[in-house]
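Student: just need the structure, nothing else, for what follows:
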Amino acid sequence: MRGRIVGLVVSIAVVAAACSSGDSGVTRTSTAERDVVDTTTTAAPDDTDEASATDDTVGTSTVDPPPDDDAPFEPAPIEWEAFDDDVDVATLDVPVDYADADGDTIELFLAKYHATDQENRIGTLLVNPGGPGFGGSDFAFFASQIFDQRLLQRFDILGWDPRGTGESVPAIDCIDDYDRYFNEIDSTPESDAERQVLIDTAEEFANACQERNAAIIDFVGTNNSARDMDAIRRALGEDTISYFGFSYGSELGATWATLFPDTVRAAVLDGAADPNADALESSLQQIEGFETSLATFLAECSAREACAFHNDGDAEQAFDDLMASLDADPLPSDGDRPPVNRDVAATGVIQAMYSESFWPVLEESLAAAAQGDGSGLLELADTYYQRMPDGTYGNELEAFQVISCADASERKSVAETDAENELYTEVAPRLVPEGSAGGYFCTFFPTAPDPRIDIDGAGAGAIVVIGTTGDPATPFESTVRMSNTLEDGRLVIVEADQHTGYGVNRCVIEVVNDYLIDLVAPADETECA
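Tutor: Numbering: from 1, shown residues only. Below you'll find the predicted structure:
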């Protein structure tokens, strides 16, 4: 199930790290806990009204959109309750199936960070952190650590847990023991019997997802989450609304803009995948992005004598030797945890590639593993899979797979998947070595009744698309393709080795501010070095 290690995910930790780097004017006080990260900026308060339309100014529609035949549903007004001085929370019932508006419902969990300048409040900014499978309410709870002060002044920041995720009810839940399905497998089988174990495990996982989520598994795809966005807009009573999505949140935002273009006031998509790539092409683009970032990490380590994994200037060979050793003879773990094999190590490496800020931890973990201690690599892999201190797991990676398969129209057989292995090895020989088995990611999932629509954003106006040159999870060229696919995509290029670009420097922050606040869209291919 290769897709589980190449998910489109951006976390608060990644965004907060981005907002504390470069010349962004942001101070990070700690990396240990999300709730002790502080974000401040030097930008002056913005007291201007929205700009009138010009060639580079986005017009605001005040005309109600035509009825959506797929969503003959009127949401109830949202009843907010105070969570603390800054944030309100609420729930909103939406149909499980928008074609059956009077049928069963899903309860979405919403959180709203109040605009700090209510007198000059523009409206609501919907936000999504990525995934798919990650709840978005945290981006409201921690808005002051993520978004620039000018946005906080002028917008209510509304994050919600998309259907099937977070605190929304029901939430996707497939399994309890991640080790059995993700850490104890051997994706480089040496016999037909070992390969069959991989196939059986993938089928068991898919069956568990179907059995535990039978009521919603057909209805948790991106199309329905985009319809939920419009339900939230209507429940708020806003004719048009603004959006800021990261990683997979870019795909969600582009889907929403395509389905409901007349309701788009403004939209920012940061770290976007290629919307026209099929499942194979998308996975290849992404694993190649991680491989490229890994090569950059190893080259930097080889060039720096202080790197813990320096290996006399040949970190590349040390990495190859370590991975071969872990494949042949995994390192033991404490207690009842599985041995640290190549698969565990590869997941840990991919986790560290999301941001350059994680690289010091990775070099120390690799060095320790070379000396017989795999605990650092296991801890990185546990971070990827959202393992809690008490040994339980969040459901994010389960939701990731269920939602991804709900979006995909194709179901490849075991033989078809195995036939693709050489393609992965060609673009990512370190992460997917020769002899690796297939992923079987959606092979055993039910056929998707509502695969994700084709994206074009026609009629939505200018949409800002941020691409980071060294992004491993959504490679820069993939983001370029998203911008080119949209009817009026405006690409903003950010130079950095991390996933997503907002907050890397003052330039990209102000581009986003000018667009979201004043509706002044940047020129295409604006560079923020």
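Student: most remote residue from the middle of the chain, which is it?
Tutor: Going by C-alpha atoms, centre = their mean, the residue of the chain most distant from its centre is Asp312, 36.5 Å out.
Student: first-to-last residue distance for stretch 425-441?
Tutor: Stretch 425-441 has an end-to-end distance of 17 Å (C-alpha to C-alpha, to the nearest Å).
Student: which residues sit against that stretch?
Tutor: With contact meaning C-beta atoms under 8 Å, 6 or more residues apart in numbering, stretch 425-441 is reached by 1-4, 187-190, 195, 198-199, 202-203, 279, 283-284, 287-288, 290-291, 294-295, 319-320, 323, 327, 342, 346, 349-350, 401, 404-405, 414, 417-418, 420-421, 424. Using the backbone N, CA and C atoms, a C-beta is placed for each residue, glycine as well.
Student: of these, buried ones?
Tutor: Taking 16 or more other C-beta atoms under 10 Å as the criterion, what is buried in these is 1-4, 187-189, 195, 198-199, 202, 279, 283-284, 287-288, 290-291, 294, 319, 323, 327, 342, 346, 349-350, 401, 404-405, 414, 417-418, 420-421, 424.
Student: which of the residues you listed fall in helices?
Tutor: Here DSSP state H is the test, and the buried ones among the contacts of stretch 425-441 give 195, 198-199, 202, 279, 283-284, 287-288, 290-291, 294, 319, 323, 327, 342, 346, 349-350, 401, 404-405, 414, 417-418, 421, 424 as lying in helices.
Student: neighbours around Leu366, how many?
Tutor: For Leu366, the neighbour count with other C-beta atoms under 10 Å is 28.
Student: residues in contact with the helix or strand where it lies?
Tutor: Using DSSP states H and E, Leu366 falls within helix 359-370. Surrounding helix 359-370, the residues in contact under the criterion C-beta under 8 Å, 6+ apart are 297, 300-301, 307-309, 318-319, 322, 326, 331, 340, 345, 348-349, 352, 374-377, 379-380.
Student: 7 Å - rerun?
Tutor: Helix 359-370 has contacts (C-beta atoms under 7 Å, 6 or more residues apart in numbering) with 297, 301, 307-309, 318-319, 322, 331, 340, 345, 348-349, 352, 376-377, 380.
Student: what subset of those residues is buried?
Tutor: In terms of neighbour count (16+ other C-beta under 10 Å), the buried residues within those are 297, 301, 307-309, 318-319, 322, 331, 340, 345, 348-349, 352, 376-377, 380.
Student: returning to that earlier point: can you give me the pLDDT of the residue farthest from the centre of the chain?
Tutor: Per-residue confidence at Asp312 stands at 97 (pLDDT).
Student: what values do phi and psi take at it?
Tutor: Per-residue torsions, Asp312: phi 50, psi 40 (degrees, to the nearest 10).
Student: and the gap between it and Cys301?
Tutor: From Asp312 across to Cys301, the span is 11 Å (C-beta to C-beta, to the nearest Å).
Student: equivalent analysis for Tyr98, please.
Tutor: Tyr98 sits 50 Å away from Cys301, going by C-beta to C-beta.
Student: and the helix or strand following the helix holding Leu366, what's buried?
Tutor: Sequence-wise, the next helix or strand downstream of helix 359-370 (DSSP H and E) is helix 375-384. Buried residues in helix 375-384, counted by 16+ other C-beta under 10 Å: 376-378, 380-384.
Student: could I get those as TSV with distance to Thr468 and pLDDT?
Tutor: Putting these into TSV (distance: C-beta to C-beta, whole Å; pLDDT from 0 to 100) gives the following:
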residue	distance to Thr468	pLDDT
Gly376	26	97
Leu377	25	97
Leu378	28	96
Leu380	21	96
Ala381	24	96
Asp382	26	95
Thr383	21	94
Tyr384	20	93
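Student: so which of the residues you listed comes closest to Pro275?
Tutor: For these, the minimum distance to Pro275 (C-beta to C-beta) is 24.9 Å, reached by Tyr384.
Student: name the nearest residue to that closest one, ignoring sequence neighbours.
Tutor: Excluding its sequence neighbours, the residue lying closest to Tyr384 (C-beta to C-beta, 6 or more residues apart in numbering) is Gln351, at 4.0 Å.
Student: so that neighbour makes contact with Glu379?
Tutor: No - between Gln351 and Glu379 there is no contact under C-beta atoms under 7 Å: 9.4 Å.
Student: past the lowest-mean-pLDDT helix or strand in the chain, which element shows up next along the chain?
Tutor: Among the helices and strands of the chain, helix 12-18 carries the lowest confidence by mean pLDDT, DSSP states H and E, at a mean of 38. Per DSSP H and E, the first helix or strand lying C-terminal to helix 12-18 is strand 81-82.
Student: can you list the strands that that next one pairs with?
Tutor: According to DSSP bridges, strand 81-82 forms sheet pairs with strand 87-95 (antiparallel).
Student: now the strand it pairs with: mean pLDDT?
Tutor: 98.
Student: for that strand, which positions count as buried?
Tutor: In terms of neighbour count (16+ other C-beta under 10 Å), strand 87-95 has its buried residues at 87-92, 94-95.
Student: same thing with stretch 214-226?
Tutor: By neighbour count on 16+ other C-beta under 10 Å, the buried set for stretch 214-226 is 216-226.
Student: how about those, which pair is most distant?
Tutor: Farthest-apart pair in these is Ile217 and Ala226; separation 18.0 Å (C-beta to C-beta).
Student: separation between the residue farthest from the centre of the chain and Leu252?
Tutor: For Asp312 relative to Leu252 (C-beta to C-beta), the value is 47 Å.
Student: ok, Asp514 next?
Tutor: 24 Å.
Student: please say which of those two ends up with more neighbours.
Tutor: When Asp514 and Leu252 are compared for neighbours, Leu252 comes out ahead with 29 against 19, by other C-beta under 10 Å.
Student: helix/strand/coil for that one?
Tutor: The three-state assignment at Leu252 reads helix, by DSSP: H, G, I helix; E, B strand; the rest coil.
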